[in-house]
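Enquirer: sequence unavailable; structure follows:
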């Protein structure tokens with residue numbers, strides 16, 4: 001199917017749009033808590049330590065850190081440089097998603113629609129502006145599925161799979177989905193099945209190195225604390241579905257109705273398409289649904305939910321929706337109009353309140369009064385990474401995990417001043433603030449983006 005010249009120009013416009021959205025104010029926002037962890041990890045460890053497990057991150061494999069370390073070694077350490085890999089990965093996701101949609105549906109128009117949705121997705125744009133591994137994971141996931149579907153060089157496809165699983169463990173769910181799909185379509189042809197599944201086998205074998213030096217020791221360790229992972233709720237699931245489809249609301253009733261409508265529409269539309277399509281189209285439909293469902297099933301089975309762990313399914317959801325609405329031009333137009341209106345609302349709020357956590361501003365404010373004689377407390381121990389990345393003052397901050405009023409008051413006594421920096425406090429019953437008020441009396445509060453600074457003299 002030759003690509004028409006008008007589609008080439010449209011491809012260029014979509015890529016430019018994706019680039020503008022992902023690079024707008026890329027280095028403007030202060031690093032937030034998780035990004036601070038990335039920055040400190042890269043500052044403290046070499047590439048060799050990242051690869052051999054010497055710089056262990058229990059939640060993530062090392063590939064993103066290695067690539068970002070190379071970038072920061074060449075371009076310097078800053079917000080823009082730390083987020084550059086994610087931004088470029090986000091642009092790549094747009095291109096690969098459009099290509100996969102075109103090949104799976106045999107329609108260039110569906111590829112264009114899918115690429116536009118991916119380019120303008122508020123969720124994908126926001127995670128393309130974070131110094132974390134999720135954007136890189138998404139582009140590698142879509143690229144792996146595209147190569148597996150196209151039956152490209154199997155060793156190259158396996159290498160892409162290795163890169164993806166070394167980016168984030170969520171890719172395991174995609175491997176499971178692809179394995180089930182291959183079993184469904186080749187279950188009577190074992191030789192063909194083995195050849196088709198070779199990239200998956202290569203990925204699994206390639207992962208054995210990291211499993212041996214990192215994953216397995218962590219699993220059997222008796223003193224490993226459970227990572228923070230919120231429990232799944234209907235509200236969190238509904239909010240995720242609404243955000244990925246640009247529905248700008250947080251009202252529970254509206255989210256519930258919209259979520260049920262969306263899910264019902266996808267199921268009914270898929271059944272309709274399945275009944276009216278040839279075997280190849282049905283096979284492609286199975287692949288999309290398996291990839292979409294697998295991560296949800298894996299995490300729901302564990303009773304946990306994090307939006308960023310589910311992001312890798314977004315391009316496949318957009319492909320499925322564009323495929324289902326394609327036969328009806330009026331529905332395509334109506335949906336595009338709704339997406340345009342609601343995305344304007346999302347982006348208006350997104351770029352006007354881009355700052356998640358203003359640790360750069362917080363550290364600067366505290367440094368102005370830090371003469372080395374007082375004490376600084378941070379209410380959440382995990383915030384130490386963003387704090388230490390930025391702070392240039394004379395006083396070392398304390399990060400108490402389970403403070404008692406007696407110990408805190410004892411430490412504050414005789415200090416000429418105390419600063420308490422609050423963000424998502426783990427300070428039960430505000431022990432830090434109550435202790436400071438008993439020692440100093442009422443203090444002053446400075447409100448920054450998602451951070452409050454309490455100062456006592």
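Expert: All right, it came through fine. Quick caveat, the model's predicted, so the values are computed rather than measured.

Enquirer: where does the stretch 151-300 of the chain have low pLDDT?
Expert: Counting by pLDDT under 70, the stretch 151-300 of the chain contains low-confidence residues at 221-235, 239, 242-252, 254-255.

Enquirer: poorly predicted segments of the stretch 1-150 of the chain, please.
Expert: For the stretch 1-150 of the chain, the ranges with pLDDT under 70 are 1-4, 54-59.

Enquirer: can you give me the helices for it?
Expert: Counting by DSSP state H, counting those that start in this stretch, the stretch 1-150 of the chain has helices at residues 5-23, 33-44, 47-51, 63-75, 79-105, 108-120, 122-127, 134-150.

Enquirer: buried residues, the third one. List them.
Expert: Within helix 47-51, the residues that qualify as buried by neighbour count (16 or more other CB atoms under 10 Å) are 47, 49-51. Placement of C-beta: from N, CA and C, glycine included.

Enquirer: now for that helix, which elements pack on it?
Expert: helix 63-75 (3 or more CB pairs under 8 Å, 6 or more residues apart in numbering; DSSP states H and E).

Enquirer: which strands or helices does the helix it packs on pack on?
Expert: Short answer (3+ CB pairs under 8 Å, 6+ apart): helix 63-75 packs on helix 33-44, helix 47-51, helix 79-105, helix 134-150.

Enquirer: what does that helix contact?
Expert: Contacts of helix 63-75 from elsewhere in the structure, counted by CB atoms under 8 Å, 6 or more residues apart in numbering, are 38, 41-42, 46-47, 50-51, 55, 57, 81-82, 84-85, 131-133, 136-137, 163, 166-168.

Enquirer: for stretch 323-339, same thing?
Expert: Contacts of stretch 323-339 with the rest of the structure, by CB under 8 Å, 6+ apart, involve 101, 104-105, 107, 109-110, 113, 117, 120, 245-246, 265-266, 269-270, 272-273, 288, 321.

Enquirer: just the buried ones out of those residues, please.
Expert: 101, 104-105, 107, 110, 113, 117, 120, 245-246, 266, 269-270, 273, 288, 321.

Enquirer: tell me the angle of the helix or strand harbouring residue 316 relative to helix 108-120?
Expert: For residue 316, the enclosing helix or strand under DSSP states H and E is helix 314-325. Between the axes of helix 314-325 and helix 108-120, defined by axes from the mean of the first three to the mean of the last three CA atoms, to 10 degrees, the angle is 140 degrees.

Enquirer: what's the angle between helix 314-325 and helix 79-105?
Expert: Computed by the same axes, to 10 degrees, the angle between helix 314-325 and helix 79-105 is 40 degrees.

Enquirer: could I get the average pLDDT for helix 314-325?
Expert: Mean pLDDT, computed over helix 314-325, is 91.

Enquirer: repeat that for stretch 401-411.
Expert: Per-region confidence: stretch 401-411 scores 78 on mean pLDDT.

Enquirer: how far off centre is it?
Expert: Centroid separation for stretch 401-411 versus its chain: 36 Å, with CA atoms, centre = their mean, to the nearest Å.
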